[in-house]
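Participant: how would this look folded up:
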Amino acid sequence: MAEHFLFIYGIFIEGMQKAGAGDLREVANLFVTLWPALAALFISHGVSFVTNFIGNKEYHYKTVREQMTAPYSRIALMHVTLIVGGFITMILRDPMPVLLIFMVAKIIIDVRSHMKEHNVIKEYDKTKGGE
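Facilitator: Just a heads-up that it's a prediction; the model follows:
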């Protein structure tokens, strides 16, 4: 994940012309300003984990294999996004439009995925008579 972050940093923060020439102290300083967002992300996922996975016993509906392989489709999508985003940024010579499009798309995809996953589990409960 750190390598993906460095790609994103290189493309969208430093820009394609300077990518790879950055100082890692700049990256570390960037994390200082990101702490509120990172803390909010950690808390959000923690609440979802406790509420849905533990509280609603979602672990009953997935095998260990499904849980272990679940992240890989997102990782593949992230690779494609980085490659496509890099090419579009090179063409436009400005990372901001690409960054805004990807931010909006990610929010929409995350919300839809979250709702779909939890609706599927609710539907499973209805067919099984609830547990």
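Participant: mind checking how far the longest helix belonging to the chain is from the chain centre?
Facilitator: Among the segments of the chain that qualify as a helix by DSSP state H, the longest is helix 95-128. Centroid separation for helix 95-128 versus its chain: 11 Å, with Cα atoms, centre = their mean, to the nearest Å.
Participant: which helices and strands sit right next to that helix?
Facilitator: helix 64-92 (3 or more Cβ pairs under 8 Å, 6 or more residues apart in numbering; DSSP states H and E). All C-beta spots, glycine's among them, are computed from the backbone N, C-alpha and C.
Participant: which parts of the helix it packs on are buried?
Facilitator: When neighbours are counted by 16 or more other Cβ atoms under 10 Å, the buried residues of helix 64-92 are found to be 78, 81, 85-86, 88-89.
Participant: equivalent analysis for stretch 90-107, please.
Facilitator: Judged by neighbour count using 16+ other Cβ under 10 Å, the buried positions of stretch 90-107 are 95, 98-99, 102.
Participant: what of stretch 47-64?
Facilitator: Buried residues in stretch 47-64, defined by neighbour count with 16+ other Cβ under 10 Å: 52, 58.
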